[in-house]
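Chemist: have a look; sequence and predicted model below, questions after that.
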Amino acid sequence: MIRPCDIPPGCRAESGEGIRRGRIRAELGLGVYPDVSLAEARELANKKRKAINAGADPLEKKKAVKREARQKQVPTFAEAADMFVDTMARQLRNPKHVEQGRLTHSTHSAAIAKLRTDTIDTPHRTATVHGFRSTFRDWASEHGYARDLAERALAHTIKNAAEAAYHRTDLLEQRRAMLDEWWTWNGSQRA
């Protein structure tokens, strides 16, 4: 028989019972002495034994509780965006830029603002303006359009001054044809 004085503080009081999963026996901890008295440990052991005999799996229940707790810790997109802006605010000198960042996230990501970040996938990202532009850029590459043509369609500028000086065309007709195909492709994705 185990007496309270036989268990050093911080050690686990075990029931001596466990559950079998195939040939593997899993021990169930009942708590730490003196936080859990021996009487409480016996009572917990009896409850767990009855649950096991009824077909329950206390270890699976414990894992489910942990999974649920982890899920509650995952922020929504809006919460993550706010944390990002807060972090960036320390690096920005102008408070106006911080507010612009908040406004940008709240305006352009309203469709995914309430989703947890671990549930956001490619279709969700296309709901944001940046996601839509990014999807277009991927589509243009996958459909064989020249990088320069896609960049011009997105109104990106050429950073190299020498290259920009010699590249004066707006590629309007090629952009028009590419965007017509993009429009058609988007319509086919909705069907």
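Modeler: Cool, the structure landed. Numbering: from 1, shown residues only.

Chemist: wait, isn't Met178 in contact with Glu151?
Modeler: No: with contact defined as CB atoms under 8 Å, Met178 does not count as touching Glu151 (11.6 Å). Where C-beta positions appear, they are placed from N, C-alpha and C, glycine not excepted.

Chemist: more crowded one of these two?
Modeler: Met178 (21 against 15; other CB atoms under 10 Å).

Chemist: do you know how far Ile112 is from Phe132?
Modeler: Separation of Ile112 from Phe132 (CB to CB, to the nearest Å) stands at 12 Å.

Chemist: ok, those two, which is more surrounded?
Modeler: When neighbours are counted by other CB under 10 Å, Ile112 and Phe132 differ, and Ile112 comes out ahead with 22 against 14.

Chemist: and that one, its phi and psi?
Modeler: phi -120, psi 10 (degrees, to the nearest 10).

Chemist: what's next to stretch 62-80, contact-wise?
Modeler: Residues outside stretch 62-80 that contact it (CB atoms under 8 Å, 6 or more residues apart in numbering): 83, 105-106, 109, 112-118, 120.

Chemist: sorry, that was for stretch 83-92
Modeler: By CB under 8 Å, 6+ apart, the list of residues contacting stretch 83-92 from outside reads 75, 98, 101-102, 105.

Chemist: quick check: PyMOL command selecting the buried ones in these.
Modeler: Entered in PyMOL, the line below selects the buried ones among these, by 16 or more other CB atoms under 10 Å:
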select buried, resi 98+101+105
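
Chemist: between the contacts of stretch 83-92, which is closest to Ala165?
Modeler: The closest of those to Ala165 turns out to be Gly101 (CB to CB; 33.5 Å).

Chemist: show me the contacts for the closest one.
Modeler: Per CB under 8 Å, 6+ apart, neighbours of Gly101: 85, 88-89.

Chemist: rewinding a little: from the contacts of stretch 83-92, which two are the most distant?
Modeler: For the contacts of stretch 83-92, the maximum inter-member distance is 18.9 Å, found between Pro75 and Val98 (CB to CB).

Chemist: for Arg152, the count of nearby residues, please.
Modeler: Residue neighbour count, defined by other CB under 10 Å, stands at 20 for Arg152.

Chemist: again, but for Ala127
Modeler: For Ala127, the count of nearby residues is 16 (other CB under 10 Å).

Chemist: what's the distance between it and Thr135?
Modeler: According to CB to CB, Ala127 and Thr135 sit 10 Å apart.

Chemist: one more: Asp118?
Modeler: Separation of Asp118 from Thr135 (CB to CB): 21 Å.

Chemist: of those two, who's got more company?
Modeler: Neighbour totals were compared for Asp118 and Thr135, and Thr135 leads with 18 against 10 (other CB under 10 Å).

Chemist: much appreciated, bye for now.
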